[in-house]
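Undergrad: just to be clear, the model below is a prediction. Sequence and coordinates:
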Amino acid sequence: MNLTRNIPYRPLALGLLVLGFSAIVLGRAQAGGSHFYPPVADPVVKEECGSCHLAFAPAMLPASSWQRMMGELKNHFGDDASVDAAVAKRITDYLVANAADSAGRRYSDKLLRGVSLASAPQRITELPKWVSEHRKVPDWEWKHKDVRTRANCTACHADAERGSYDD
């Protein structure tokens, strides 16, 4: 058996292997990893929602949740977050168009697994996947002065504003 005949093919095979591996790694990086949700791109949504808290990625909740939330801005988790009708419509349209069951579906499948879209919670922190991912965080950490609330994603996820929730 002549082993030297196969030598020219080894660099080609190795090159293809490296190329394939690189494509997988770069594809994952481009998609933002396993905990990526496209951040808010609309400047009005970013300004209005982000003036009080992180402007949460629309892909984290289904359209029904965003519609209910926007319909209840007078009592937005205990605060009055009312805006004029035109701004509310723009925000609602953006959130619904990019919701987990719309354009954001590619990113939200894991987060919404087992959740009925019709009765999904309005709080991202009530989603079963969120609860599962955070169950090991001790209660004292949630009470830390730099965290204070489970909705303060940026306290632990430095790149949350850019859509990355990987640790």
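TA: Nice, I can see it.
Undergrad: show me where this protein has its helices.
TA: Taking DSSP state H, the helices of the chain run over residues 9-31, 43-50, 63-71, 85-97, 105-108, 128-134, 139-142.
Undergrad: the ones you listed: lowest mean pLDDT?
TA: By mean pLDDT, the lowest-scoring of the helices of the chain turns out to be helix 9-31, with a mean of 48.
Undergrad: contact partners for the closest residue to Tyr107 other than its chain neighbours?
TA: Counting by CB to CB, 6 or more residues apart in numbering, the nearest residue to Tyr107 once its immediate chain neighbours are dropped is Ala59, at 4.6 Å. For every residue, glycine as well, the C-beta is placed using N, CA and C. Residues near Ala59 by CB atoms under 8 Å, 6 or more residues apart in numbering: 37-38, 98-100, 103-108, 111.
Undergrad: of those, which is the most crowded?
TA: Neighbour count (other CB atoms under 10 Å) singles out Ala100 as the most crowded of the contacts of Ala59, with 28 neighbours.
Undergrad: so that residue makes contact with Ser64?
TA: No: if you go by CB atoms under 8 Å, Ala100 and Ser64 don't touch, sitting 9.8 Å apart.
Undergrad: overlap in contacts of the two?
TA: Between them, Ala100 and Ser64 have Leu117 as joint contacts when contacts are counted by CB under 8 Å, 6+ apart.
Undergrad: so for Pro38, what's the pLDDT?
TA: According to the per-residue confidence, Pro38 scores 94 in pLDDT.
Undergrad: next, give phi and psi for it.
TA: Note on Pro38: its backbone torsions stand at phi -50, psi 130 [degrees, to the nearest 10].
Undergrad: okay, the residue nearest to Tyr107 and Arg135: tell me how far apart.
TA: For Ala59, the distance to Arg135 (CB to CB, to the nearest Å) stands at 22 Å.
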